[in-house]
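[1] Sequence first, then the predicted structure:
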Amino acid sequence: MPDPRRARVSDHATIVECVHQWWGDSRTPEQARELSLLLPKLFLQFFSGTSLVLEDESGIRAFLVGFYSADNETEAYVHFVGVDPTLRGQGAARRLYTTFFQRAAEAGRTEVRAITSPGNAGSIAFHRAMGFTLEAGDRVVDGLSLHSDYDGPGQDRVCFYRRIGRGESAFATSGWL
């Protein structure tokens with residue numbers, strides 16, 4: 001598979017359809033549609049330069065929507081990542097993240113942040129494997145530090161933080177993580 005490319009606004013409809021398909025096995029159609037609402041077109045209108053797509057001859061196979069903070073020149077944020085279920089466990093998400101780390105470091109960013117739901121064990125394990133640490137929250141449940149009501153009442157989240165740098169991003173990209 002080729003290297004990740006910069007996302008384009010024209011990718012939006014395909015990415016939304018990917019969310020519907022790729023999460024369709026673990027959610028109802030309505031839940032998959034609700035999940036896709038986390039990806040309004042504005043993310044690709046305003047952050048296509050920091051978002052990434054992996055594709056092959058069959059189309060988009062994985063994507064990462066991320067951006068650099070407008071208010072803090074040291075931070076970057078990974079908002080949403082999707083990988084075709086047939087590619088999961090084969091390094092596609094790792095490639096997207098390490099490319100994002102490298103580009104963010106080249107842009108002078110030194111920190112990357114991300115969040116996930118407390119019940120998303122796969123995401124938590126992946127972020128830890130990618131060198132993220134959990135930010136201390138306001139309570140601990142089953143050994144996991146949570147930020148209560150992070151996204152509104154009852155919407156607790158696990159918050160991740162990772163330092164990056166030019167040397168570190170090259171190390172991460174080499175696959176040694």
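    Here it is on my side, so go on. Numbers count the residues shown, from 1 in each chain.

[2] Helices of the chain, start to end?
    With helices called from DSSP state H, the chain shows them at 12-22, 29-36, 42-47, 92-106, 121-129, 166-173.

[3] tell me the mean pLDDT for the second one?
    In this case it means helix 29-36. For helix 29-36, the mean pLDDT works out to 88.

[4] coming back round to it: can you lay out the helices of the chain as JSON lines showing distance to Asp142 and mean neighbour count?
    In short, each C-beta sits where N, CA and C put it, glycine included. Formatted as JSON lines, the helices of the chain follow (distance: least, Cβ to Cβ, whole Å; neighbours: other Cβ atoms under 10 Å):
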{"stretch": "helix 12-22", "distance to Asp142": "27", "mean neighbour count": "17"}
{"stretch": "helix 29-36", "distance to Asp142": "23", "mean neighbour count": "14"}
{"stretch": "helix 42-47", "distance to Asp142": "32", "mean neighbour count": "15"}
{"stretch": "helix 92-106", "distance to Asp142": "24", "mean neighbour count": "21"}
{"stretch": "helix 121-129", "distance to Asp142": "10", "mean neighbour count": "15"}
{"stretch": "helix 166-173", "distance to Asp142": "29", "mean neighbour count": "16"}
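
[5] now the ones you listed in CSV, with distance to Ala114?
    Compiled in CSV, the helices of the chain are given as follows (distance: least, Cβ to Cβ, whole Å):
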stretch, distance to Ala114
helix 12-22, 17
helix 29-36, 16
helix 42-47, 15
helix 92-106, 9
helix 121-129, 6
helix 166-173, 14
